[in-house]
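**Student:** next come a sequence and a model predicted from it.
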Amino acid sequence: MIKFELKKIFNIKIVLVIFVLTALFYNMFLSTNYFATSNMGAEDKLCTILMKEYGTKLPVSKRNKLEEIKQEYIEKVDKYIAGDEVLKNAGITNYKDYKSMRSEEGLDDKVKEKLNDISFGSYAEETFLIQEVDYWQEWETGLQFAGLSRENAESNITENVRRHTGEVNKLNPKFLERMEKLYTRDYTSLLSEDAAECVKSDLPLIGLLMLICSALLIIPYQIRERIRNVNTLFYTTKHGRNLVNTRITATVITTVLVGIAHIIIFYVYLIIRGVGKYLDCPIYCTARVNSWYDLNFGTYICLNLLLYIFAIMSLIMLYFLISKISLNYVVGFASAIPFTVIIAIIFNKIMYGYLIIENKMKITYDVYRPILICISFTIIGLIIAVALAKYEKKKDVVIC
């Protein structure tokens, strides 16, 4: 019977609508669409160069490789500048001159045009990459978040927190313990921080898309059964009244299938967008992104999406109830909108950044709170499912 109910749920027309909706959603709302553009492309290129030689982690002892890469690209820009008469006549003979004079006022229009061409045209890739190396070297020497002794780690953690948040009085012991462990490691992750930030902001949206797609399947399914008087027919027999359990099971299985499909789609999308090479990189040892546990990027994504599936398995019972009492499709979808908005806010405010050390620097906020929210959803879903099952078993319809 479950197979029969699933066949009714996965109506081919609605599945096609979901395919179109998913394509539009990915194209219009996901931050990862803009990954590896402009300066993001420079970070991606630098990470790619380093990954070819060192894999997913850059050893602290090999940081001098950054200077080698920078000098290699400076030489390319120097060669171009040295051969340009306009720049030479303006007293710009190398990258150092270009860097000091590119923001000066009163330059000749031809000189400005040449400088802009270096910055954003012919040598944009080289100049952005040089700037990216400068940034890496700056935060490596300034923040010193890897390769420290235990004696220096705590003072450095306190200083970096003070620099970024201004609050150091109430540092959580678990946070200090975790960060000390990270600061004393002898490597830096080569995970692109722009890739991590883009994906982190996209995960709640993927969770919301899973919920919307599940609702698009469940609401029409329930209302269609009501309009065709299938429910009335079922209520005439004891066996028919017990079918609500089968329908609830089919509904939950639907959310799992939809969730798994979206996990696969999202991973394929990340590979297409050039983020796939970072899936094996650690997400617990970069300058801006650190997790509470030693996870790689791919595992972090999967755990987040599984948490959303777990939440949606329970939340879908709300939509099951709404569609069961709705008189028609308009009422059903209109009634579902407020719940969807509230759930979207919860996903973005509470479940956002799951497993990542966020501004409050407390494991209770970043790990335990999202799990407790999902458990609350589960309790609500079970209450609705049990109440519906008991109510349906008591119904009786006599056809004269």
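**Tutor:** Cool, got the structure. Numbering: from 1, shown residues only.
**Student:** now do the buried residues in stretch 295-306.
**Tutor:** 295-302, 304-305 (16 or more other Cβ atoms under 10 Å). (Each C-beta comes from the backbone N, C-alpha and C, glycine too.)
**Student:** what does it rub up against?
**Tutor:** Contact with stretch 295-306 is made by 56, 191, 195-196, 199, 203, 206-207, 210, 259, 262-263, 266-267, 270, 278-284, 291, 354-356, as judged by Cβ atoms under 8 Å, 6 or more residues apart in numbering.
**Student:** hmm, back to that, tell me which two of the buried residues of stretch 295-306 sit farthest apart.
**Tutor:** Asn296 and Leu305 (14.8 Å; Cβ to Cβ).
**Student:** report the buried residues of stretch 103-115.
**Tutor:** Applying 16+ other Cβ under 10 Å to stretch 103-115 flags 107, 111, 114-115 as buried.
**Student:** Arg226: neighbour count?
**Tutor:** For Arg226, the neighbour count with other Cβ atoms under 10 Å is 17.
**Student:** how close does it sit to Leu388?
**Tutor:** Distance, Arg226 to Leu388, using Cβ to Cβ, to the nearest Å: 14 Å.
**Student:** which residues do those two both contact?
**Tutor:** Lys324.
**Student:** for the stretch 251-400 of the chain, what spans make up the helices?
**Tutor:** Using DSSP state H, counting those that start in this stretch, the helices assigned to the stretch 251-400 of the chain run over residues 297-325, 329-349, 363, 369-394.
**Student:** hmm, who's touching the second one?
**Tutor:** This points to helix 329-349. Against helix 329-349 from outside (Cβ under 8 Å, 6+ apart): 204, 207-208, 211-212, 215, 219-220, 222-223, 308, 315, 318-319, 322-323, 326, 373.
**Student:** same thing but 10 Å
**Tutor:** With Cβ atoms under 10 Å, 6 or more residues apart in numbering as the test, helix 329-349 has contacts from 201, 203-208, 210-212, 215-216, 218-220, 222-224, 226-227, 308, 311-312, 315, 318-319, 321-326, 328, 352, 370, 373, 377.
**Student:** which members of those are classed as buried?
**Tutor:** 203-208, 210-212, 215-216, 218-220, 222-223, 226, 308, 311-312, 315, 318-319, 321-324, 326, 352, 370, 373, 377.
**Student:** low-confidence stretches in the stretch 301-400 of the chain?
**Tutor:** 392-400 (pLDDT under 70).
**Student:** try 50 this time
**Tutor:** 397-400 (pLDDT under 50).
**Student:** reformat the helices of the stretch 251-400 of the chain as JSON lines; add distance to Leu171.
**Tutor:** Formatted as JSON lines, these follow (distance: least, Cβ to Cβ, whole Å):
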{"stretch": "helix 297-325", "distance to Leu171": "24"}
{"stretch": "helix 329-349", "distance to Leu171": "24"}
{"stretch": "helix 363", "distance to Leu171": "13"}
{"stretch": "helix 369-394", "distance to Leu171": "19"}
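**Student:** nearest to Ser100, of the ones you listed?
**Tutor:** helix 297-325 (38.3 Å).
**Student:** my read: Val133 touches Asn64, true?
**Tutor:** No. Assessed by Cβ atoms under 10 Å, Val133 is found out of contact with Asn64, at 11.7 Å.
**Student:** just want to know which of the two has more residues nearby.
**Tutor:** Comparing Val133 with Asn64 by other Cβ under 10 Å, the one with more neighbours is Val133, at 23 against 7.
**Student:** neighbours around the residue lying closest to the more buried one once chain neighbours are set aside, how many?
**Tutor:** Spatial nearest neighbour of Val133, chain neighbours left out: Lys70 (4.2 Å); criterion: Cβ to Cβ, 6 or more residues apart in numbering. For Lys70, the number of neighbouring residues by other Cβ under 10 Å comes to 20.
**Student:** do the same with Gly41
**Tutor:** Residues lying near Gly41 (other Cβ under 10 Å) number 18.
**Student:** Thr48 versus that one, what's the distance?
**Tutor:** Taken as Cβ to Cβ, the span from Gly41 to Thr48 is 10 Å.
**Student:** shared neighbours of the two, anything?
**Tutor:** With Cβ under 10 Å, 6+ apart, Gly41 and Thr48 have common neighbours Gly274.
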